[in-house]
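Structure, please.
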Amino acid sequence: MITIKSQSELSLMRQAGSIVRDALLLVEESIRPGITTRKIDSIVYEYITKCGAKPSFLGYEGYPASACVSVNDEVVHGIPSDRVIVEGDIVSVDVGAQVGGYHGDAARTFGVGAITGQLSNLIQVCKQSFFEGVKYCIEGMRLGDISSAIQTYVESNGYSIVRELTGHGIGKQLHEDPYIPNYGIKGKGVRLQNGMALAIEPMINMGAKDVWCLEDGWTVTTRDGLPSAHYENTVVITQNGPEILTL
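Numbering: from 1, shown residues only. Next up is the predicted model:
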């Protein structure tokens with residue numbers, strides 16, 4: 001069931017969203033060759049808890065960390081470890097925070113040091129595809145309009161879209177209805193209403209769309225070993241257009 005958020009609920013989600021945004025800005029400032037993925041997670045944990053919020057991911061369905069840190073061909077849900085980030089890597093960091101029982105959720109993909117033009121373009125296309133989708137986050141439009149806009153932009157730039165993983169509604173639960181594929185048909189799907197909160201998150205691959213999950217039960221990687229990028233924000237449908245809570 002899709003829940004419409006009240007102004008008091010949205011106030012808490014704005015607080016959570018701003019904490020997520022600033023945690024990711026801290027990661028952006030800190031990420032460099034030689035840092036471990038576990039250190040990235042500790043930066044996120046320390047900031048969120050310092051703000052008096054709770055990390056949304058820590059313990060979620062047994063997930064053992066506060067951030068998902070996914071490197072190169074890892075699409076999402078990479079578990080932080082002693083893995084050392086090196087020059088030329090790309091690293092996707094997904095963060096959630098909970099304030100007063102309500103969540104914010106966002107992700108960014110960062111280049112580490114000097115990265116290739118191909119990787120830089122992958123990251124940029126992934127980010128821009130989110131903004132292509134957000135153009136349709138307007139009352140009366142349909143979910144398929146968002147999905148179709150993302151798909152059209154990504155595929156026109158020569159990349160593939162992960163099909164098994166989607167965006168989602170968000171609020172009192174980290175994952176709520178509706179689920180938001182990054183591919184779809186314009187004019188189809190649920191009609192958007194004022195007060196809907198959506199976590200829109202394109203996940204795109206340099207090679208084929210096919211992915212699999214590692215034995216840890218969390219980390220999703222590309223089957224062909226080629227790089228992947230991820231970009232996400234929490235968005236609210238309002239009478240005045242989309243409000244992005246995590247920017």
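
Kindly provide the distance from the closest residue in space to C51 that isn't next to it in sequence to H175.
Spatial nearest neighbour of C51, chain neighbours left out: I19 (4.8 Å); criterion: C-beta to C-beta, 6 or more residues apart in numbering. (Glycine included, C-beta is placed from N, CA and C.) Separation of I19 from H175 (C-beta to C-beta, to the nearest Å): 19 Å.

So which of these two has more stuff around it?
Neighbours were counted for I19 and for H175 using other C-beta atoms under 10 Å; I19 has more, 25 against 17.

Go ahead and confirm the more buried one touches K50.
No. In this structure, I19 is not within contact of K50 by C-beta atoms under 8 Å, at 9.4 Å.

which non-adjacent residue is nearest R38?
Of all residues not flanking R38 in the chain, P80 sits nearest, at 4.5 Å (C-beta to C-beta, 6+ apart).

Between its first and last residues, what's the separation in stretch 149-169?
Chord length of stretch 149-169, first to last residue, is 18 Å (C-alpha to C-alpha, to the nearest Å).

Same question for stretch 185-200.
End-to-end distance of stretch 185-200: 16 Å, with C-alpha to C-alpha as the criterion.

average pLDDT across it?
Mean pLDDT, stretch 185-200: 97.

For it, buried residues please.
K186, G189, L192, G195, M196, A197, L198, A199, I200 (16 or more other C-beta atoms under 10 Å).

The third one and Y183, how far apart?
Using C-beta to C-beta, one obtains 18 Å as the distance from L192 to Y183.

ditto for the last one
When C-beta to C-beta is the yardstick, I200 and Y183 sit 13 Å from each other.

so what's in contact with these two at the same time?
I150 (C-beta atoms under 8 Å, 6 or more residues apart in numbering).

So in this protein, which helix runs the longest?
helix 7-30 (DSSP state H).

I'd like the mean pLDDT over the next helix or strand after that helix, please.
Next along the chain after helix 7-30, taking DSSP states H and E as the criterion, comes helix 37-50. Here helix 37-50 scores 98 as its mean pLDDT.

Could you list every helix and strand in contact with helix 37-50?
Here helix 37-50 touches helix 7-30, strand 54-55, strand 67-71, strand 90-99, going by 3 or more C-beta pairs under 8 Å, 6 or more residues apart in numbering; DSSP states H and E.

for the ones you listed, which one sits closest to S129?
Evaluated with C-beta to C-beta, these place strand 90-99 nearest to S129, the distance being 14.2 Å.

Tell me the helices and strands packed up against whichever helix or strand comes after the closest one.
Next helix or strand after strand 90-99 toward the C-terminus (DSSP H and E): strand 102-111. Under the contact definition 3+ C-beta pairs under 8 Å, 6+ apart, strand 102-111 sits against helix 7-30, strand 90-99, helix 117-134, strand 228-230, strand 233-238.

mind putting those in CSV, distance to K54 and mean pLDDT included?
Putting the helices and strands packed on strand 102-111 into CSV (distance: least, C-beta to C-beta, whole Å; pLDDT from 0 to 100) gives the following:
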stretch, distance to K54, mean pLDDT
helix 7-30, 9, 98
strand 90-99, 4, 98
helix 117-134, 25, 98
strand 228-230, 22, 98
strand 233-238, 16, 98
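
Rebuild the ones you listed as JSON lines, extending it with distance to E61.
Output for these, formatted as JSON lines (distance: least, C-beta to C-beta, whole Å):
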{"stretch": "helix 7-30", "distance to E61": "19"}
{"stretch": "strand 90-99", "distance to E61": "13"}
{"stretch": "helix 117-134", "distance to E61": "25"}
{"stretch": "strand 228-230", "distance to E61": "19"}
{"stretch": "strand 233-238", "distance to E61": "19"}
